[in-house]
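**Student:** Sequence first, predicted coordinates after that:
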Amino acid sequence: MAGVTSKKLNLLELPSEVLLQIISNLPYRSLCRIGRTCKQLRALSLDESLWKQQCQTEFFVKECTEEEGWLRQFRWLHGRFARHHSAAVYRNMRRLWDRLEKYLQENDREMYDSLREPCDYSEIQIAEQKMTCRFPADLRCSLQIHNGQQMGSGVGVYGCMTISTYYRSEGLLDAASMARLYDNDGDLPGCVPLTYCLVSQKSQYVAVNDEGGFTVGEVFYPTPDQYSTDADIFITGKTYTEWFTDLVEALESKKFPRIDGRVFRFHDDPECEAVTKDCFTVKATSCFMPDLSTVHPPHFFFTYRIIMTMDPSASSSESCQLETRHWVITDEEGNEETVDGRGVVGQFPMMTPGAEFSWISCTTFNTTYGNMRGHFTMKNDDGEEIIILCPTYHMKCLPYKTAAERRQQILRRKKNL
């Protein structure tokens, strides 16, 4: 319109609350930059609400003490993580730990309290200097969130297994212990123990370099090879992130049962269930034991848990007592073996309405897969026999890498140097 002049808008003339809303959409690097442009923007860039949002966005931190303040906390988190890890590595690991912490706070406070404080970056550097190699990036980041578990404080995060006189419960090791137990001249060069059981003295290992024919980041159980001085390995994770993700998801989904307050690593299969006479239910779960297995010779060890229940609404006239068991054990090649015996684990449980009885036993296969099925012969008060069916349950070992395959990988590595 003729005679009207337009006034150029000056951003700094906007009300402070409007400016604050605008710059709240900036990433933290831009916030730092505008704080160096003028006093007005510097004052706004120091607003605690901005840095609360940045802590939540960048580091998933939702709590802060009044004395500490959000800006100070952001600087601490940035110095601890952003300087040493990519955003993707940190965010993934932080999410996993948040999920694990939430599960433990709700289900196992003792285990939650066993988690160590974060590992300082300088401690990781000292550990790596002793090993003369670096931890995989995702493991380094994980240690800076929780530096393993307090040993001897209870059940390890990885859960437990017990049969007869054998017991295993693996806790997460701290960075200093990993470095202390590292032996690059031993049977597992380039590998550090990731977990440890005080009772069985068994560990899972993580490969920190490929000198011994391992893939960096691979997590595994070593097992002796009768035909070689090198070890075969059962692989539990292709990377630390994969291994840790499987652990968190299994606990979070309550895939493993809690028995006497402890997590046992029996894999629950909802379909592995048999119902007899509409009132007796038998469920079966199993667990591969790599720490008791070997590839050469083939000896794959499994534990299994049977849970027998009687419906609470069933008639008491259906009550009965177990007398004998019958198993059909089939390996991967179709070979069958039948086993009959009195009782189960030396007991003769009585089933009455609402009763539950469970037991743990074990078996071995010379093949990587096998299954079991069977039934239990019961007798009621009138001496009549009742056959209670047990479903077919499947047992398959973990993927593995043989000593010969490791040697081939070493040769390929040398050719490529």
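**Tutor:** Right, received. Where do you want to start? Numbering: from 1, shown residues only.
**Student:** So this structure: which segments form each domain?
**Tutor:** The chain breaks down by automatic domain parsing into domains covering 17-82, 90-253, 266-400.
**Student:** what's the offset of the second one from the middle of its chain?
**Tutor:** Spelled out, it's domain 90-253. 9 Å (C-alpha atoms, centre = their mean, to the nearest Å).
**Student:** Dump the domains of the chain into CSV; add mean neighbour count, mean pLDDT and distance to Asn10 as well.
**Tutor:** Quick note: C-beta positions are derived from backbone N, CA and C, even for glycine. As requested, the domains of the chain are exported to CSV (neighbours: other C-beta atoms under 10 Å; pLDDT from 0 to 100; distance: least, C-beta to C-beta, whole Å):
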stretch, mean neighbour count, mean pLDDT, distance to Asn10
domain 17-82, 15, 80, 11
domain 90-253, 18, 91, 38
domain 266-400, 16, 96, 65
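**Student:** closest to Leu411 out of the ones you listed?
**Tutor:** With C-beta to C-beta as the measure, domain 90-253 is the member of the domains of the chain nearest Leu411 (8.8 Å).
**Student:** quick revisit: with distance to Leu11 as new columns, can the domains of the chain be given to me in JSON lines?
**Tutor:** JSON lines is the format used below for the domains of the chain (distance: least, C-beta to C-beta, whole Å):
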{"stretch": "domain 17-82", "distance to Leu11": "7"}
{"stretch": "domain 90-253", "distance to Leu11": "32"}
{"stretch": "domain 266-400", "distance to Leu11": "60"}
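**Student:** secondary structure class for the closest residue to Lys202 other than its chain neighbours?
**Tutor:** Excluding the flanking residues, the one nearest Lys202 by C-beta to C-beta, 6 or more residues apart in numbering is Asp291, at 4.6 Å. At Asp291 the chain is in helix, as set by DSSP: H, G, I helix; E, B strand; the rest coil.
**Student:** OK, contacts around Asp291?
**Tutor:** 168, 200, 202, 221, 223 (C-beta atoms under 8 Å, 6 or more residues apart in numbering).
**Student:** Dig out what the last one forms beta bridges with.
**Tutor:** When bridges are taken as DSSP bridges, the partners of Thr223 come out as Asp232.
**Student:** how near is it to Asp291?
**Tutor:** Distance from Thr223 to Asp291, counting by C-beta to C-beta, to the nearest Å: 8 Å.
**Student:** tell me which element the most centrally placed residue in the chain is part of?
**Tutor:** When C-alpha atoms, centre = their mean is applied to the chain, the residue found nearest the centroid is Leu247 (1.8 Å). Per DSSP states H and E: Leu247 is located in helix 240-252.
**Student:** just checking, next helix/strand downstream of that helix?
**Tutor:** strand 258-259.
**Student:** Which residues outside that following strand are in contact with it?
**Tutor:** 107, 264, 358.
**Student:** Which member of those residues is positioned nearest Cys279?
**Tutor:** Checking the contacts of strand 258-259 against Cys279 by C-beta to C-beta gives Ser358 as the nearest, at 17.4 Å.
**Student:** Leaving out sequence neighbours, find the closest residue to that closest one.
**Tutor:** Ile307 (4.3 Å).
**Student:** Surely Gln73 is in a helix?
**Tutor:** Yes: counting by three-state DSSP, Gln73 is found in a helix.
**Student:** Looks like it contacts Gln54 (just checking).
**Tutor:** No: using C-beta atoms under 8 Å, Gln73 is not in contact with Gln54, being 9.6 Å away.
**Student:** circling back: how about the domains of the chain, which one is nearest Arg407?
**Tutor:** Closest of the domains of the chain to Arg407 is domain 90-253, at 6.2 Å (criterion: C-beta to C-beta).
**Student:** Looking at the domains of the chain, spot the one closest to Asn416.
**Tutor:** domain 90-253 (10.4 Å).
**Student:** distance between the ends of the closest one?
**Tutor:** 23 Å (C-alpha to C-alpha, to the nearest Å).
**Student:** and the contacts of Asp291, which of them are in strands?
**Tutor:** Applying DSSP state E to the contacts of Asp291, the entries found in strands are 168, 221, 223.
**Student:** Which of the contacts of strand 258-259 sits closest to Val206?
**Tutor:** Phe264 (23.7 Å).
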